[in-house]
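Visitor: 3D model of this:
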Amino acid sequence: MDTAVPQESPEGLIIAMEELLRHVRHSATTGGLSTAASSTLSRLAREGPQRLTELARAERVSQPNMSQLVTRLERTELVRRTADHSDGRGVLVEVTDTGVEVLLLRRAERAGALQQLIDELTEQEQQAVKVALPALARVIQDQQARS
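Guide: Here you go, the predicted structure:
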């Protein structure tokens with residue numbers, strides 16, 4: 001049985017994207033973060049302090065799992081819990097300066113890995129990537145803004 005998927009089909013593009021993401025994700029080693037920890041830290045840096053329940057919902061994990069993750073990140077001083085001034089009983093999770101530094105180093109590692117791949121492409125392929133990836137990101141942002 002032939003299970004080959006044409007590279008230009010949507011399934012082929014998904015396979016290529018999965019390979020690319022896996023390669024780029026594994027290139028970031030600073031801080032020894034899991035994918036979930038890196039994603040959570042990135043969200044906090046991008047969106048600012050959040051309640052644990054909001055963070056769990058946004059990252060699509062259970063509140064107990066998010067609580068454990070935040071505790072681990074807190075132990076490594078990448079995040080801290082602070083009082084929610086709008087609700088004296090509430091607690092916010094925020095990224096620390098150390099957490100931002102780790103994120104920036106990880107982003108540089110991933111960018112370097114992506115650049116190495118791009119450098120191996122032909123000029124025409126490089127131009128296609130430089131147009132296609134930002135265009136897809138724009139569509140994603142537009143969809144998120146509408147929902």
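Visitor: Which residue, other than its chain neighbours, is closest to Ala28?
Guide: The shortest distance from Ala28 to any non-neighbouring residue, by Cβ to Cβ, 6 or more residues apart in numbering, is to Arg106 (4.0 Å). The C-beta positions use only the backbone N, C-alpha and C, and glycine is treated the same way.
Visitor: Check the secondary structure at that neighbour for me.
Guide: When classified by DSSP: H, G, I helix; E, B strand; the rest coil, Arg106 comes out as helix.
Visitor: Okay, buried residues for stretch 35-44 please.
Guide: Neighbour counts using 16 or more other Cβ atoms under 10 Å place 37-44 of stretch 35-44 among the buried residues.
Visitor: do stretch 79-88 as well
Guide: Buried positions in stretch 79-88, judged by neighbour count with 16+ other Cβ under 10 Å: 79-80.
Visitor: Please work out which residues outside that stretch touch it.
Guide: Stretch 79-88 has contacts (Cβ atoms under 8 Å, 6 or more residues apart in numbering) with 41, 44, 49, 51, 70, 73-74, 90-96, 99.
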